[in-house]
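A.B. asks: Everything below, folded, please.
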Amino acid sequence: MTGEVFLAVLIFALASSIKPGPNNIMLLASGVNFGFLRTIPHMLGVTLGFFLMLQAVGLGLGTLLEAYPQSQLAMKILGGAYLLYLAWRTAMSRSMKEGDAVARPFTFLQIAAFQWVNPKAWVVALSAIALYTSVERPYLTTLLIGFAFVVVNIFCTSVWTVFGTALRNWLADPVRLKWFNIAMGVLLALTLFPLLL
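C.D. replies: From the prediction side, this is the model:
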């Protein structure tokens, strides 16, 4: 992979990772509700979960999914159901207290698993592999694409989490926090709209 192609991958990764989507909406809400440090496992779940999915697509999973369209439908149904569950959890979060037993951030495994049913993540992974993988060195270029996304996703997840953390003082009011979390849950559920089309 040439330097120009790697730069193109970085730009593609930034353009696809920084804009609002399911992951970033959840990171914003987690930053507000739990702060930066407690959201780190969530951030790592997005980054490493997507990296593993990207590697699987590069090693042939994408081709397998295209060969069996019914598996895509099953993934859409599972992904939609899981996204609605995450939207409900986000909307119902009501406390910023450190010791709150009810309110807790999403775990690394929950978010890493979500990447595998996140429709936006699949579109990005399939596009990145199709556009930037070299026929001569498919494994190496898949690894390099994954590395580019890890670097960019660490930055993007941090930006959204910091933005949420910056809103913590303003949203310390329980009524504001309640409506913010409901709004984030609704926005998260609305990210299903393109999936339904």
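A.B. asks: Can you list the buried residues in the helix or strand containing Leu143?
C.D. replies: For Leu143, the element it lies in under DSSP states H and E is helix 138-166. Of all the residues in helix 138-166, those buried under the rule 16 or more other C-beta atoms under 10 Å are 141-150, 152-153, 156-161, 164-165. For the C-beta atoms, the positions are set from N, CA and C on the backbone; glycine is no exception.
A.B. asks: Could you list every helix and strand that the helix ranked longest in the chain packs against?
C.D. replies: In the chain, taking DSSP state H as the definition, the longest helix is helix 22-56. Here helix 22-56 touches helix 69-92, helix 108-115, helix 119-132, helix 138-166, helix 174-190, going by 3 or more C-beta pairs under 8 Å, 6 or more residues apart in numbering; DSSP states H and E.
A.B. asks: picking up where we left off before, quick check: mean pLDDT across the helix holding Leu143?
C.D. replies: Helix 138-166 shows a mean pLDDT of 95.
A.B. asks: mind checking how far it is from the chain centre?
C.D. replies: Distance of helix 138-166 from its chain centroid, counting by C-alpha atoms, centre = their mean, to the nearest Å, is 10 Å.
A.B. asks: In space, what's closest to the residue nearest in space to the middle of the chain - neighbours in sequence excluded?
C.D. replies: The centroid of the chain falls nearest to Asn23 when counting by C-alpha atoms, centre = their mean (3.2 Å). With sequence-adjacent residues excluded and distances taken as C-beta to C-beta, 6 or more residues apart in numbering, Asn23 is closest to Val46, at 4.9 Å.
A.B. asks: Let me know whether that neighbour touches Asn153 as I believe.
C.D. replies: Yes - between Val46 and Asn153 there is a contact at 6.2 Å, judged by C-beta atoms under 8 Å.
A.B. asks: Just give the nearest non-adjacent residue to Gly185, would you?
C.D. replies: In space, Gly185 is closest to Ala91, 2.5 Å off (C-beta to C-beta, 6+ apart).
A.B. asks: contacting residues around that neighbour?
C.D. replies: Neighbouring residues of Ala91 by C-beta atoms under 8 Å, 6 or more residues apart in numbering: 181-182, 184-186.
A.B. asks: tell me which of those is nearest to Ala81?
C.D. replies: Gly185 (15.0 Å; C-beta to C-beta).
A.B. asks: can you pull the contacts of that closest one?
C.D. replies: Going by C-beta under 8 Å, 6+ apart, Gly185 touches 29, 87-92.
A.B. asks: got a markdown table for the helices and strands packed on helix 22-56, with distance to Phe34 too?
C.D. replies: A markdown table is the format used below for the helices and strands packed on helix 22-56 (distance: least, C-beta to C-beta, whole Å):
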| stretch | distance to Phe34 |
| --- | --- |
| helix 69-92 | 12 |
| helix 108-115 | 13 |
| helix 119-132 | 22 |
| helix 138-166 | 9 |
| helix 174-190 | 12 |
